[in-house]
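Peer 1: Make a model of this:
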Amino acid sequence: MTMTLIMKFGGTSVGNAEAIRQAANLVIQGAPNGEAIVVIVSAMRGVTDALVQGALTAAQGDEQTYRGVVSDLRVRHTLVIAELLSESAQRTELLKTVEAYLDEFAAFCRSVHVLGEVTARAMDAISSLGERMNARIFAAFLQEQGTPARAVDATDLIVTDRRFQEAAPLMEATQQRVQAHLMPLIEAGETPVVTGFIGATEDGITTTLGRGGSDYSAAILGAALDAAEVWTWTDVDGVLTTDPRIVPGARIIPELSYSEIGELAYFGAKVLHPKTIRPVVERGIPLWVKNTFNPTCPGTRIVQQPTSTPGTVKAVTAIPGLSMVTVEGRGMMGVPGIAARTFAAVASQGANVLMISQASSEQSICFLIPTGDVSTVITALERELALELSRRDIDRVWSMDDVVIVSAVGAGMRGTPGVAARLFHALATTDINVIAIAQGSSECSISLVVSGDQATEAVRQIHSEVIFYEQA
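Peer 2: Presented below is the predicted three-dimensional model:
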């Protein structure tokens, strides 16, 4: 079987003519070990948002916004095509194809305007159009540069369930489609340029893969092809030790484990979503995060077991905009089911719980949720626990707003004494108060809750005093 390398390019990496040219050159230069390359492309940056906005405003009775979107996208894509391709039959045909997709978008929006609503199924069809246009532009440019290439719709490859907007792949059926449709192109020496973010149900209805959709596409195809590696090209040099806007001295992390990248993504780092890398995790396929605009930088390699772990804590992240909700009362001690009922009430409001902490005395349960959900969650809790509140088994349900989760992440923390002590010492030196603490059973992260006005300093202190790297 031909060994393959998956190269995925995000919206910024294919956001204009110059970016597409740079990304295509990386493909043309070829894989370092001679593997065949399969390209995954996103829509140009901002295009999917524009398509979604056009559809939503059409559903609200606005006929002007979506027409403006059509006009803007026609100009944008036409200019990119003119800059990348010389006058030819291929360019003329590509312009017609883009126009057809924009006509399709306008037709969708007219229907949505008449109906007064846009279903999840319709939104998936609408939001897939950006990738469809860009894959064809990217493939045409490769062809003009002498690299045999062909645009491929992922609707022919990735088979999903029917959860529109958040579809999950059916891997066995996907693998069969990939072998039938993609392998012949690879074996014929062509470079497939596949639409990211989208798939289709078994009966061919377009779906989208949700957050991190193009990364997910790359991982799915990487697993289906048993790829040598998956490279995600973006606009940063790799995964950093923290947000460089907070700590200008943040450094690239050369290597991470799958578990570490999952923790970093969960706790707010702008990296790969844990769901999107699951297919490569299951196959043990190495994953790289690299910078399209600085390709000589090695980037970050993500594997099952890193070859070395220089230091115990690799990165520190922060999630702002949270509130800590507390259910407390002396009558809770030893009473079964309080925690289950508490979180059932939270789930009924669709709130995302980011962290939980409970005292061993069982006199209180506290958890962190986005501040926007606090009012409805507290109302639901008071309704669910009304009997216990009336009997004073539970004294009160209350919230502390404007708090931030600061998380220190690193597999090297496992079995290493004193990590928590160093974290607390780093914060104590600048009088930062820790409101709550939680550590997962994986021992890959420690999370601390601090007030919003102390979060930036907390990140800086942990980064400067706790994250240690061997200097080259």
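
Peer 1: ok, the closest residue to V335 other than its chain neighbours - how many residues close by?
Peer 2: Nearest non-adjacent residue to V335, counting by C-beta to C-beta, 6 or more residues apart in numbering: D393, 6.8 Å away. Every C-beta, even on glycine, is put in place using the N, C-alpha and C of the backbone. Neighbours of D393 under the rule other C-beta atoms under 10 Å: 16.

Peer 1: mind checking the longest helix of this structure?
Peer 2: Longest helix of the chain, by residue count under DSSP state H: helix 89-115.

Peer 1: next structured bit after the helix or strand bottoming out on mean pLDDT in the chain?
Peer 2: Here the helix or strand of the chain ranked lowest by mean pLDDT, DSSP states H and E is helix 258-266, holding a mean of 82. Remark: after helix 258-266, the chain's next helix or strand is helix 274-283, criterion DSSP states H and E.

Peer 1: who's in contact with that next one?
Peer 2: Residues outside helix 274-283 that contact it (C-beta atoms under 8 Å, 6 or more residues apart in numbering) are 169, 171, 210-213, 215-216, 218-220, 222-224, 226, 230, 258, 261-262, 265-266, 286-287, 302, 304.

Peer 1: Just the buried ones out of those residues, please.
Peer 2: In the contacts of helix 274-283, burial by neighbour count holds for 169, 171, 210, 212-213, 215-216, 218-220, 222-224, 230, 258, 261-262, 265-266, 286-287, 302, counting by 16 or more other C-beta atoms under 10 Å.

Peer 1: Name the secondary structure element that contains R163.
Peer 2: For R163, there is no host helix or strand (DSSP H and E).

Peer 1: what's T155 sitting at in phi/psi?
Peer 2: Main-chain torsions, T155, degrees, to the nearest 10: phi -60, psi -20.

Peer 1: what does V39 give?
Peer 2: V39 adopts backbone torsions of phi -100, psi 140, taken as degrees, to the nearest 10.

Peer 1: Can you verify my assumption that it contacts V27?
Peer 2: Yes: assessed by C-beta atoms under 8 Å, V39 is found in contact with V27 at 5.8 Å.

Peer 1: re the thing from before, so the residue nearest to V335, which of the three states?
Peer 2: D393 falls in the coil class when you classify it by DSSP: H, G, I helix; E, B strand; the rest coil.

Peer 1: Next: V327.
Peer 2: When classified by three-state DSSP, V327 comes out as strand.

Peer 1: that older thread, which residues do V39 and V27 both contact?
Peer 2: With C-beta under 8 Å, 6+ apart, V39 and V27 have common neighbours 7, 191.

Peer 1: Looking at the two, which is more packed in?
Peer 2: Neighbours were counted for V39 and for V27 using other C-beta under 10 Å; V39 has more, 28 against 23.

Peer 1: what residues are up against that one?
Peer 2: With C-beta under 8 Å, 6+ apart, V39 has these contacts: 7-9, 27, 138, 149, 191-194.

Peer 1: redo that, cut-off 10 Å
Peer 2: 5-9, 14, 23-24, 26-27, 135, 138-139, 142, 149, 151-152, 191-194, 196, 218, 233 (C-beta atoms under 10 Å, 6 or more residues apart in numbering).

Peer 1: go on, Q358?
Peer 2: Neighbouring residues of Q358 by C-beta under 10 Å, 6+ apart: 327, 332, 338-339, 364-367, 436, 438.
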